[in-house]
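**Q** Provide a 3D model corresponding to the input given below.
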Amino acid sequence: MNSISANKFRDNLKSYVDQVFSEHEPLKVTRRKGEDFIVLSADDWEREQETLFILQNNELMKQIKCSLETHKISRGYKPNTGEMNEILDI
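**A** The predicted model follows:
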C-alpha cells in the first residue's frame, strides 16, 4: 500500500483520488500526530466487506472447501447444456 503525507494528499487531492479509483489500491495518508487514515473507493470497500463476511461465515467456508475438493477429483456437479447456456447467457 502506498503511503503519503496529509499535506501532499491535500495539495494533490484530485490526482490521488483518481489514482485510488483507477488502481483499486488503498492509499495510506499519514499525519504528524500519527493519526493515519486510508483512502479507498466505495466499490472496493464493499468488495472487502463481502470478502470478510464470507471468510467469517463457517458454513460458507465449509461449502467452498467441499466444492474445491470435489473439483480436484472431478466429481462435482456438472450442469447440462441448457444450464450452461443459461449461465453463459446464450
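**Q** what residues go with each domain of the chain?
**A** Taking automatic domain parsing as the criterion, the chain consists of the domains 2-40, 43-76.
**Q** Among the ones you listed, show me which one is buried the most.
**A** Ranked by mean neighbour count under mean count of other C-beta atoms under 10 Å, the domains of the chain are led by domain 2-40, which reaches a mean of 13. Every residue, glycine included, has its C-beta placed from N, CA and C.
**Q** I'd like the domains of the chain written out as TSV, with distance to residue 85 and mean pLDDT added.
**A** Supplementary listing: the domains of the chain in TSV, determined by distance: least, C-beta to C-beta, whole Å; pLDDT from 0 to 100:
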stretch	distance to residue 85	mean pLDDT
domain 2-40	32	96
domain 43-76	19	92
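**Q** Spell out the residue ranges of the strands in this structure.
**A** Per DSSP state E, the chain has strands spanning 2-5, 27-30, 37-39. These are given in chain order.
**Q** who does the second one pair up with?
**A** What that stands for is strand 27-30. For strand 27-30, the paired strands and their directions (DSSP bridges) read strand 2-5 (parallel), strand 37-39 (antiparallel).
**Q** circling back: among the strands of the chain, which comes closest to residue 17?
**A** Put simply, out of the strands of the chain the one that sits nearest residue 17 is strand 37-39, at 6.9 Å, with distance taken as C-beta to C-beta.
**Q** Quick one: distance of the closest one to the chain centre.
**A** Here the centre of mass of C-alpha atoms in strand 37-39, compared against the chain's by C-alpha atoms, centre = their mean, to the nearest Å, lies 16 Å away.
**Q** what do you get for stretch 77-85?
**A** Between the centre of stretch 77-85 and the centre of its host chain there is 29 Å, according to C-alpha atoms, centre = their mean.
**Q** which residues touch that stretch?
**A** Contacting residues not belonging to stretch 77-85 are listed as 70, 87 [C-beta atoms under 8 Å, 6 or more residues apart in numbering].
**Q** okay, that stretch in CSV with CA atoms only?
**A** Coordinates of the C-alpha atoms in stretch 77-85 are reproduced here as CSV (Å, rounded to 0.1, in the frame of the first residue of the first chain):
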residue,chain,number,x,y,z
TYR,A,77,-21.8,-31.1,-10.2
LYS,A,78,-21.8,-30.8,-14.0
PRO,A,79,-24.5,-28.6,-15.5
ASN,A,80,-26.3,-29.8,-18.6
THR,A,81,-26.2,-27.9,-21.9
GLY,A,82,-29.3,-25.9,-21.1
GLU,A,83,-27.9,-24.9,-17.7
MET,A,84,-24.6,-23.9,-19.3
ASN,A,85,-26.3,-21.8,-21.9
